[in-house]
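Engineer: Next one to model:
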Amino acid sequence: MRFLFLFACLLATACSQGVPQARAQQAQDEERADFVLVDKSDRTLWVYQAGKIIRTYDGLQYGDQPVGHKRFEGDERTPEGRYTITYGNEQSSYYLSLYIDYPNAADKAYAKARGRSPGGLIFLHGQPNGMPFDARVPGDWTDGCIALSNREIAELWSLIPDGTPIEIRP
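Structural biologist: Numbering: from 1, shown residues only. From the prediction side, this is the model:
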């Protein structure tokens, strides 16, 4: 009985310290994304549910070379095309991250034909860990990921289930 009491106290403490909301696949009757659209030139991300926009985020941050499709590891570009958000990582180097399954077969073939690696590990993520929660790194700074504010990625974390399609347009 004592163990159950201690466990309940620990659980209550953990839940009160800003632990991100449960991932979207656990919520059946709430808003859930079924499609995500990113327009790189507008620096805007739209979240859709059943064909309707349920959230919009502006001011996205990209890699140091934001124009053009990612082709090779180290080119610091953000991919363009259709991909899938396959899992969330709350233990990343950034405040929460959602993995985008770049490279696809065409990306791999393009890079292989040129004797290069297409790269990978592309995420939607927040700002670097250790920064004040509301702070943002200025400008474009990722290695090809899409960065948002910590508040925005926390909201996306609760809206986007694993397996959600994402389209990234130029």
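
Engineer: can we go C-alpha only for contacts and neighbour counts from here?
Structural biologist: OK.

Engineer: Nearest residue to the middle of this structure?
Structural biologist: By C-alpha atoms, centre = their mean, the chain has its centre lying nearest to Leu124, at 2.0 Å.

Engineer: For it, give the beta-bridge partners.
Structural biologist: The bridge-partner assignment for Leu124, based on DSSP bridges, gives Leu98, Ile146.

Engineer: Spit out the contact partners of it.
Structural biologist: Applying C-alpha atoms under 8 Å, 6 or more residues apart in numbering to Leu124 gives the contacts Ser97, Leu98, Tyr99, Ile100, Cys145, Ile146, Ala147, Leu148, Ile153.

Engineer: Name the next helix or strand downstream of the lowest-mean-pLDDT helix or strand in the chain, please.
Structural biologist: Within the chain, no helix or strand scores below helix 2-15, which has a mean of 36 by mean pLDDT, DSSP states H and E. Later in the chain than helix 2-15, the nearest helix or strand by DSSP states H and E is strand 35-39.

Engineer: and that following strand, C-alpha only, in PDB?
Structural biologist: Written as PDB, here are the backbone C-alpha positions of strand 35-39 (Å, rounded to 0.1, in the frame of the first residue of the first chain):
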ATOM      1  CA  PHE A  35      -2.600  15.900 -43.100                       C
ATOM      2  CA  VAL A  36       0.100  18.600 -42.600                       C
ATOM      3  CA  LEU A  37       1.100  21.100 -45.300                       C
ATOM      4  CA  VAL A  38       4.300  23.200 -45.300                       C
ATOM      5  CA  ASP A  39       4.900  26.100 -47.700                       C
END
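
Engineer: Got phi/psi on Ile153?
Structural biologist: Dihedral angles of Ile153 (phi, psi; degrees, to the nearest 10) stand at phi -70, psi -30.

Engineer: any idea how far it is from Ala111?
Structural biologist: From Ile153 over to Ala111 the distance is 30 Å, taken as C-alpha to C-alpha, to the nearest Å.

Engineer: out of these two, which sits in the more crowded spot?
Structural biologist: Applying other C-alpha atoms under 10 Å to Ile153 and Ala111 shows that Ile153 carries more neighbours, namely 22 against 17.

Engineer: Fine by me, thanks again.
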